[in-house]
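Participant: Give me coordinates for this.
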Amino acid sequence: MRNFRLIFLIIIISSFFGFLAGILSGSVFYFEVKDYLSGFKIDIPEKIIEKSVEYIPQTTQEEKIINVVNSVSPAVVSIIISKDLPVFEQYFEQYFGGSFKIEVPQQRQIGTEKKEIGGGSGFIVSADGMVLTNKHVVLDEEAEYTVLTNDGKRFSAKVLARDPMQDLAVLKIETGTSTGVFPVVKLGDSDKLQMGQTVVAIGNALGEFRNTISVGVISGLGRTITASGGGLVEIIEDVIQTDAAINKGNSGGPLLNLKGEVIGINTATVMDAQNIGFTIPINKAKRDIEQIKQGKEIAYPFLGVRYTIVTEKIQKDNNLPASYGAWLTSGEGEPAVVAGSAADKAGLKENDIVLEFNGEKISVENSLAKIIMKHNPGDAVPLKVLRAGAELALQAILDSRSK
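Facilitator: Modelled structure (predicted):
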């Protein structure tokens, strides 16, 4: 027992002196290192500190999207729709019946009040304030339109033209001066689009959140849809399908590629589906923009026929001699060939099948209407026509249609 206590005491004393020696040696080492390092001066550059708080894009694609948004947003506008609406006052009409008095609520108009009734989006295409948007956004001829720019400024706007064939319209910002002061977008080439291509949509989402951004891809090309809105129902051919979110209020806003070029005008969304939106190709709007800049009406080439695209089923059901082309048929109170039209003057007749228009084969993917849109009023166009099994070569001089 005595030996155990002696051993224990030796261990305690050894541990104490070992601990003390560690402290002393550590202090000596610290001061030696401190004295050595004191001869060096270490500076931290201010630029490194600044860069540490800047946002660095995670990918090249993300960087491109951010650049697109920053460059194009100043030229995207919100369009506010206002109208004088009646203001009513409620009062009570009193009726007496014996010992009873009955008060019946009535109302009467006491005046009008200007109220905001809707909104949409648009983008500036000329420095003097020309704005492209959807026709259904500015369809009401009795309403007043105000353009709200990205920097919060408000301008009254005048509708210069509503496209008679497409869901497009052109406004002019009224500034009281002809000085070109507005930022403008760059127009791309919608004929070069590819499926899967990344696109960015900008617009006034829900009529409340200005310059809302959504990103997606081109989901389809050459779609045909029936769109409705603002009291307008239209069949729109050859539109772009995208999964970039197009919300209510986005109508008229731009769809952009990663170069920051406008390749479409957002026009419709499918209410019962997710991430299915439709955009009018920008190349279809270029004609409108140029015609308005030249002080002209928006006019289209007009042939003057009613037709059905020939498919294998149409050919079989109607015993037709061709498996493609535009079959001229009457129906729904409309003639196959409009009297006095370019088609009538060219000699086209009901039941003719127009096989080619200016050398282009007519098919489901390349409809007659789509081909005609490539031309201008006054163009002389050769036609290949099948009549009663025989091919004919005709020529039509296209009319002009502005309404």
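Participant: Let me know whether Gly331 touches Tyr307 as I believe.
Facilitator: No. In this structure, Gly331 is not within contact of Tyr307 by C-beta atoms under 8 Å, at 10.3 Å. Using the backbone N, CA and C atoms, a C-beta is placed for each residue, glycine as well.
Participant: show me where the stretch 151-300 of the chain has helices.
Facilitator: 282-293 (DSSP state H, counting those that start in this stretch).
Participant: Give me the residue at the spatial middle of the protein.
Facilitator: The residue lying closest to the centre of the chain (C-alpha atoms, centre = their mean) is Asn266, at 2.3 Å.
Participant: can you give me phi and psi for Lys370?
Facilitator: phi -60, psi -40 (degrees, to the nearest 10).
Participant: Let me know how buried the nearest residue to it once chain neighbours are set aside is, in neighbour terms.
Facilitator: Leaving aside its chain neighbours, Lys370 sits nearest to Asp238 (5.6 Å; criterion: C-beta to C-beta, 6 or more residues apart in numbering). Residues lying near Asp238 (other C-beta atoms under 10 Å) number 19.
Participant: wait, doesn't the residue nearest to the centre of the chain sit right on Ile246?
Facilitator: Yes. Between Asn266 and Ile246 there is a contact under C-beta under 8 Å: 4.8 Å.
Participant: Could you check how far the residue nearest to Lys370 is from Val262?
Facilitator: Relative to Val262, Asp238 is positioned 17 Å away (C-beta to C-beta, to the nearest Å).
Participant: go on, Leu168?
Facilitator: Leu168 is 13 Å from Val262, by C-beta to C-beta.
Participant: Strands of the stretch 151-300 of the chain, residue ranges please.
Facilitator: Using DSSP state E, counting those that start in this stretch, the strands assigned to the stretch 151-300 of the chain run over residues 154-162, 169-174, 186-187, 198-205, 209-229, 232-242, 254-256, 261-269, 277-281, 300-302.
Participant: in its sheet, what does the second one sit against?
Facilitator: Meaning strand 169-174. strand 130-133 (antiparallel), strand 154-162 (antiparallel) (DSSP bridges).
Participant: Format the CA atom coordinates belonging to it as PDB.
Facilitator: Extracted C-alpha coordinates of strand 169-174, given in PDB (Å, rounded to 0.1, in the frame of the first residue of the first chain):
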ATOM      1  CA  ALA A 169     -50.600  45.600 -83.200                       C
ATOM      2  CA  VAL A 170     -48.300  48.600 -83.300                       C
ATOM      3  CA  LEU A 171     -48.500  51.600 -80.800                       C
ATOM      4  CA  LYS A 172     -46.700  54.900 -80.700                       C
ATOM      5  CA  ILE A 173     -45.600  56.400 -77.400                       C
ATOM      6  CA  GLU A 174     -46.700  60.100 -77.400                       C
END
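Participant: What angle do helix 282-293 and that strand make with each other?
Facilitator: Relative orientation of strand 169-174 and helix 282-293, computed by axes from the mean of the first three to the mean of the last three C-alpha atoms, to 10 degrees: 50 degrees.
Participant: Now strand 169-174: buried residues?
Facilitator: Within strand 169-174, the residues that count as buried by 16 or more other C-beta atoms under 10 Å are Ala169, Val170, Leu171, Lys172, Ile173.
Participant: contacts for that strand?
Facilitator: Strand 169-174 has contacts (C-beta atoms under 8 Å, 6 or more residues apart in numbering) with 79, 122, 124, 128-135, 137-138, 145, 147, 155-163, 182, 288-289, 292, 298.
Participant: For PyMOL, what selects the buried ones among the residues you listed?
Facilitator: Here is the PyMOL command that selects the buried residues among those (16+ other C-beta under 10 Å):
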select buried, resi 79+122+124+128+129+130+131+132+133+134+135+137+138+145+147+155+157+159+160+161+162+163+182+288+289+292+298
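Participant: which one of the strands of the stretch 151-300 of the chain is the most hemmed in?
Facilitator: strand 254-256 (a mean of 31; mean count of other C-beta atoms under 10 Å).
Participant: and it, average pLDDT?
Facilitator: Mean pLDDT, strand 254-256: 94.
Participant: Stretch 130-149 too?
Facilitator: pLDDT averaged over stretch 130-149 gives 90.
Participant: Indicate which one of the strands of the stretch 151-300 of the chain is closest to Asp352.
Facilitator: When the strands of the stretch 151-300 of the chain are compared by C-beta to C-beta, strand 300-302 sits nearest Asp352, at 17.5 Å.
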